[in-house]
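S.K.: For reference, the sequence and a predicted model appear below.
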Amino acid sequence: MIDLSSLNENQREAVLWDKGPLLVLAGPGSGKTRVLTSRIARILEQSAGQHFRILALTFTNKAAAEMRGRVEELVPGELGRVRLTTFHSYAAELLQQHGNHLSFRPDFQILSNDIDREALLDDVLEQLRKNLTYSLPGHFKAAQLLPAVTRLLEHCIPPDQAEVLLQQANVENAIPLARVYTAYREALRRTNSLDFPSLIAESLDLLSKLPFLAKHIRKIFKHIFVDEFQDTNHSQYRILSLIAQPDPSTLFVVADDDQIIYQWNGASPKRIQALRDDFGVSELQLPENYRCPPLVIELANALIEKNLNRAAGKKPLKAVKQGESDDVVRVLRFDSVDEEAIWVARDISKKSLEERASCAVLARTKKLLDLAGRKLEEAGVPVYFAARKDEFKSAPLRMLHAILRLVNSKEDKQSLARLSKAFYELEGINIQMAPILSRASADGEDLLRSWLDEVKQRDTLEERTRRLLETDIRPLLNSLNYRGFADSLFGWAEVCQASSQPDESAFNEFEEEQEVWKILLADITKKFEGEDVSLHQMLHELDLTSKTPPKPPEAIPCFTIHASKGMEFGHVYLIGLVEDQLPSWAAVKKGDNSLEMQEERRNCFVAITRTQETLTMTFSAQVFGWNKQPSRFLREMGIEL
Ligand SMILES: Nc1ncnc2c1ncn2[C@@H]1O[C@H](COP(=O)(O)OP(=O)(O)OP(=O)(O)O)[C@@H](O)[C@H]1O
């Protein structure tokens, strides 16, 4: 039996709950990860020998990987019965298995960056302009149109209704925009590719069109879990509704309405109400906070109670940690942001290495964070920024990614161009696109084989490179052994790096990115435990995962509040607590009770509740040359200035 003795009463009730669908309102630091993983483990243990599975949807790969680790610890060897994944990865999986009903092949490509999406939209515009019956406004350009197309996709607007809906909404250029949108979705299908928003839109379309599919999913996945439910947008909610209805009795949702900070991305307090209305969920609260000192909890409660649209009956957080000391919370005023950042950097640099390791600098905006990062570096403290990284930067990893994509999508010209570019940076051999394309079309060969034929003809080719591209690549071409080929390519690249005089910058971040690659392979092995992970499945995971390297142990995290969500740090430095930063300028303009201001209050709430030991809040009279008032949130927390 798994041991539930370390759980508090509310946590235990949630883990053991079996009376229908449940919404757990879990405050920050209340142990929701512990509850989710213990509940999954409890169900697995009690149903040993049965074949049903558990679907648990999270919002980040990091959260999913962490939970897989904890479940594995609690019930070793049972992970094969759990699909713990993100909404987007699950959507990709659905489309791999059933996308043929919408004319997608399982090896579709995921367009993970805007450059590829824009290139496709450019093709679409060119085709539409060639077609004389379509007259597009002269100013229609891919880069400007992409955000509008993204919004339509995010709202899952059916292409055949786009024209009417856009006209009804009085959108400028409604008819041509609808045509571009329809043509873009057709182009995705034609090229067998999907971007992030269309993964969700097409999955929703699939589930809506094929009711038997939702039924089939419910048969396999007897239990459905959703973590961070407050972040779901309308389309994700509709997907959940389709798979959980008509019998949501085993639905288990964890949410915190006080941590909705993705309103701009479609999250809304209304979603929790919709869950109550549509699923008749029972509710349980986890107000106990294990993370923060009591004083921080006091400030957090005082702040968040100023928000008007909180869940009815929401209990204040209760600090489990005991004991007070004077310097748990510090509030400091400076004349300028430069002084503010320099002080924070000095304060951190004075700490022992051990204490430093648990510091983090948080800010609402990237600009302030960059300044603090620079000052830390000047004080000799290494820093770590966790910006999302859609593509690899180093030439060896770009070359690997392009080759794997070309094996999977044989006519992918973008990957061919990327392969040639990376190869040139590594070997100094220039392979032109035109001869490859004409050779491929004349011989009926795929692009990668054509490229390989062209490279092998070069007299200047080093022996080791010939071996990589003639011999080592064979297992990949013949049996899709991507793991083995990646190892060979890394070995080859390391020799290149050491032995010739390549462009040094080609190897920037090479080591870190090899680490990212290894972590990804380990994660997918766990995620698809007991299953063979095909090349296209692996590429989908790779394209859905940020390539941000793990934090070096000695570096100080400098995170925006959004990036810090779900984390905890010993010593939190929250900088830039001034009007127009936190709260943002837009929220200040909208007024004190606006939805925007309430979201900013939640941002501040999320930031301060990352604290395990001390919280330092700073602000300045001048921010980038402008006079600023201290943040109203300081006053709302009851801090006298
Ligand atoms: N019953 C418990 N006994 C002791 N410690 C606990 C208990 N429950 C949770 N914790 C600890 O509290 C901390 C916060 O837990 P966790 O990371 O699961 O928080 P969370 O609810 O996901 O927070 P957030 O919403 O802020 O991300 C962790 O360090 C965890 O180990």
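M.R.: Cool, the structure landed.
S.K.: How about residue 329: which residues does it bridge to?
M.R.: Going by DSSP bridges, residue 329 is paired in beta bridges with residue 615.
S.K.: Quick check: the gap between it and residue 480.
M.R.: According to Cβ to Cβ, to the nearest Å, residue 329 stands 56 Å off from residue 480. For every residue, glycine as well, the C-beta is placed using N, CA and C.
S.K.: so what's the backbone phi/psi at the closest residue to the ligand within the stretch 451-600 of the chain?
M.R.: Relative to the ligand, the nearest point of the stretch 451-600 of the chain is residue 566 (4.2 Å; Cβ to the nearest ligand atom). The phi and psi values for residue 566, taken as degrees, to the nearest 10, are phi 80, psi 0.
S.K.: pretty sure residue 627 is touching residue 620, no?
M.R.: No: applying Cβ atoms under 8 Å, one finds residue 627 not in contact with residue 620, separated by 9.8 Å.
S.K.: So which of the two has more stuff around it?
M.R.: Neighbours per residue (other Cβ atoms under 10 Å) separate residue 627 from residue 620, with residue 620 holding more: 26 against 9.
S.K.: follow-up on the earlier one: contacting residues for the nearest residue to the residue of the stretch 451-600 of the chain closest to the ligand once chain neighbours are set aside?
M.R.: Counting by Cβ to Cβ, 6 or more residues apart in numbering, residue 63 is the residue found nearest to residue 566 once chain neighbours are left out, at 6.2 Å. By Cβ atoms under 8 Å, 6 or more residues apart in numbering, the contact set of residue 63 is 33, 227, 228, 566.
S.K.: what's the nearest residue to the second one if we skip its chain neighbours?
M.R.: To tie it back to what came earlier, the one meant is residue 227. Leaving aside its chain neighbours, residue 227 sits nearest to residue 58 (4.5 Å; criterion: Cβ to Cβ, 6+ apart).
S.K.: ditto for the first one
M.R.: Using Cβ to Cβ, 6+ apart and skipping residues adjacent in sequence, the residue nearest residue 33 is residue 67, 6.4 Å away.
S.K.: tell me the contacts of that neighbour?
M.R.: By Cβ under 8 Å, 6+ apart, residue 67 lies in contact with 33, 36, 37, 40, 56, 58, 84, 227.
S.K.: Is the residue of the stretch 451-600 of the chain closest to the ligand in contact with residue 64, as I believe?
M.R.: No: Residue 566 is beyond contact range of residue 64, at 11.6 Å (criterion: Cβ under 8 Å).
S.K.: what residues are shared contacts of those two?
M.R.: Listed as contacting both residue 566 and residue 64 by Cβ under 8 Å, 6+ apart is no residue at all.
S.K.: helices and strands around the helix or strand harbouring residue 242, which ones?
M.R.: Counting by DSSP states H and E, the element that carries residue 242 is helix 234-244. Judged by 3 or more Cβ pairs under 8 Å, 6 or more residues apart in numbering; DSSP states H and E, helix 234-244 is in contact with helix 87-98, helix 196-209, helix 211-220, strand 221-226, helix 269-279.
S.K.: Mind exporting the C-alpha coordinates of the helix or strand just after it to CSV?
M.R.: With elements assigned by DSSP H and E, the helix or strand that comes after helix 234-244 is strand 251-255. Output in CSV follows, covering the C-alpha atoms of strand 251-255 (Å, rounded to 0.1, in the frame of the first residue of the first chain):
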residue,chain,number,x,y,z
LEU,A,251,-12.8,13.3,-13.8
PHE,A,252,-10.3,14.9,-11.4
VAL,A,253,-9.4,18.5,-11.9
VAL,A,254,-6.9,20.6,-10.0
ALA,A,255,-7.1,24.4,-10.4
